[in-house]
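Novice: Got a predicted structure here, sequence first:
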Amino acid sequence: MAEAERIIGTPDTPDDSGERTAAAGAPAGSGAPAARGASGTGEQQVPADARGRRGRRIALLFAVAAFAYALDLISKMLVVAKLEGRAPIKLVGDWLELNALRNPGAAFGFGAAFTVIFTVIAAAVIVVIIRLARKLYSYPWAVALGLLLGGALGNLTDRIFRSPGVFEGEVVDFIAPRGFAVFNLADSAIVCGGILIVLLSFRGLDPDGTVHKD
């Protein structure tokens with residue numbers, strides 16, 4: 001978990017270049033510190049406007065997560081109530097249908113023998129995302145992490161509360177494209193969030209809102 005934070009971790013302030021510039025522009029020999037807290041102890045203070053910007057990004061992250069989680073939860077409730085145990089419903093001919101299945105493995109049906117391991121991984125991902133939220137200053141990253149969080153929460157809920165038991169529950173899958181594994185909306189949110197993170201990384205956009213060039 002610490003390694004994951006190190007890889008995509010960001011500074012606690014949106015941009016520390018201003019502090020470095022201010023320090024460089026200070027009169028020589030003045031001995032004035034680059035940044036001091038209100039108490040004069042030298043503790044770094046986050047400006048109020050920076051806290052506000054960060055708060056809006058964090059709010060967006062949790063709003064996206066809540067939307068993805070609610071959509072996944074409601075869809076699974078409908079599938080269990082209306083579709084489970086019944087014949088598949090064709091949506092686009094033979095290319096796409098709704099077919100309720102229980103999946104003990106990871107996304108798209110992989111790794112059925114490692115249910116508990118995947119449960120632990122999902123829980124760890126949720127903890128890492130929540131810890132990273134305090135360092136977030138980018139709207140696109142807020143959307144990406146929100147999708148990951150909502151999807152992870154959706155499938156983790158199945159792992160905890162569905163049969164055959166706690167941390168071994170089977171995930172409800174129902175979206176069945178022809179020639180592909182059956183999946184659900186939580187899987188879709190996770191994949192979309194992951195793709196967005198890859199695109200943001202290629203563009204050089206960091207979670208703190210800065211853009212870097214290799």
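Specialist: Ah, there it is. Numbers count the residues shown, from 1 in each chain.
Novice: Tell me which stretches of this structure form helices.
Specialist: 2-8, 17-24, 48-82, 115-132, 139-161, 185-203 (DSSP state H).
Novice: Would you mind finding the most buried of those helices?
Specialist: Across those, averaging neighbours per residue (mean count of other Cβ atoms under 10 Å) puts helix 139-161 on top, at a mean of 23. Bear in mind the C-beta positions are built from the backbone N, C-alpha and C, glycine included.
Novice: packing partners for that one?
Specialist: Contact partners of helix 139-161 among helices and strands, from 3 or more Cβ pairs under 8 Å, 6 or more residues apart in numbering; DSSP states H and E: helix 48-82, helix 115-132, strand 171-177, helix 185-203.
Novice: Let's have those in CSV, adding mean pLDDT and distance to Ala152.
Specialist: Formatted as CSV, the entries for the helices and strands packed on helix 139-161 read as follows, by pLDDT from 0 to 100; distance: least, Cβ to Cβ, whole Å:
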stretch, mean pLDDT, distance to Ala152
helix 48-82, 91, 9
helix 115-132, 84, 5
strand 171-177, 94, 12
helix 185-203, 94, 7
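Novice: now these in CSV, with distance to Leu153?
Specialist: Compiled in CSV, the helices and strands packed on helix 139-161 are given as follows (distance: least, Cβ to Cβ, whole Å):
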stretch, distance to Leu153
helix 48-82, 5
helix 115-132, 6
strand 171-177, 12
helix 185-203, 8
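Novice: between these, which one is nearest to Tyr139?
Specialist: Nearest of the helices and strands packed on helix 139-161 to Tyr139, taken as Cβ to Cβ: helix 48-82 at 6.2 Å.
Novice: quick one: that closest one to helix 185-203, angle?
Specialist: Taking axes from the mean of the first three to the mean of the last three Cα atoms, to 10 degrees, helix 48-82 and helix 185-203 form an angle of 150 degrees between their directions.
Novice: Thanks a lot, catch you later.
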